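sharing a sequence plus its predicted fold:
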Amino acid sequence: MFTWLAGWGDLAFPGAGPWFDNYWWIPIAGPLIGGVVGICIYDLFVGGVLTARLARRPEEREPTPEVGRVPPENGR
């Protein structure tokens with residue numbers, strides 16, 4: 001769209017013929033629609049598992065590894 005505003009005219013929107021005349025919106029709408037579909041699929045498959053894990057009592061949960069902690073050397 002920037003190239004069209006910059007004065008490129010019809011060259012900014014590629015495609016010719018009945019199938020590709022309005023192709024310019026696909027790279028804009030495709031990622032937006034794909035993002036929403038990805039969120040829904042993630043929530044469907046993973047979201048329920050995370051909610052179920054957090055709903056358990058603390059003593060029933062698996063221990064979480066401590067990330068970034070360096071173990072002491074030689075008992076220090």
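Cool, got the structure. Quantities reported herein were computed from a predicted structural model and do not represent experimental measurements.

gap between residue 37 and residue 29?
Residue 37 sits 12 Å away from residue 29, going by CB to CB, to the nearest Å. All C-beta spots, glycine's among them, are computed from the backbone N, C-alpha and C.

equivalent analysis for residue 2, please.
17 Å.

average pLDDT for the longest helix that the chain contains?
Criterion DSSP state H: the longest helix present in the chain is helix 26-42. Mean pLDDT, helix 26-42: 93.

and that helix, which residues are buried?
Residues of helix 26-42 classed as buried by neighbour count (16 or more other CB atoms under 10 Å): none.

strands along the chain, start to end?
Under the criterion DSSP state E, the chain contains no strands.

where does it dip in pLDDT?
By pLDDT under 70, the low-scoring segments of the chain are 15-20, 61, 63-72, 74-76.

measure the residue sitting nearest the centre point of it to residue 55 for me?
Central residue of the chain (CA atoms, centre = their mean): residue 35, 5.6 Å from the mean position. Counting by CB to CB, the gap from residue 35 to residue 55 is 28 Å.

swap in residue 24?
For residue 24 relative to residue 55 (CB to CB), the value is 47 Å.

what's the answer for residue 36, then?
27 Å.

what do you get for residue 9?
58 Å.

repeat for residue 29
Counting by CB to CB, the gap from residue 29 to residue 55 is 37 Å.

distance check, the residue nearest to the centre of the chain against residue 41.
Computed as CB to CB, the residue 35 to residue 41 distance reads 11 Å.

residue 62 too?
Counting by CB to CB, the gap from residue 62 to residue 41 is 25 Å.

what does residue 11 give?
38 Å.

please apply the same query to residue 22.
Residue 22 is 28 Å from residue 41, by CB to CB.

what of residue 34?
10 Å.

before we move on, what about residue 48?
Shown here: residue 48 relative to residue 41, a distance of 12 Å by CB to CB.

likewise residue 32?
15 Å.

now residue 27
For residue 27, the distance to residue 41 (CB to CB) stands at 22 Å.

now swap in residue 10 and tell me
Taking CB to CB, one finds residue 10 at 38 Å from residue 41.

I appreciate the help and will end here.
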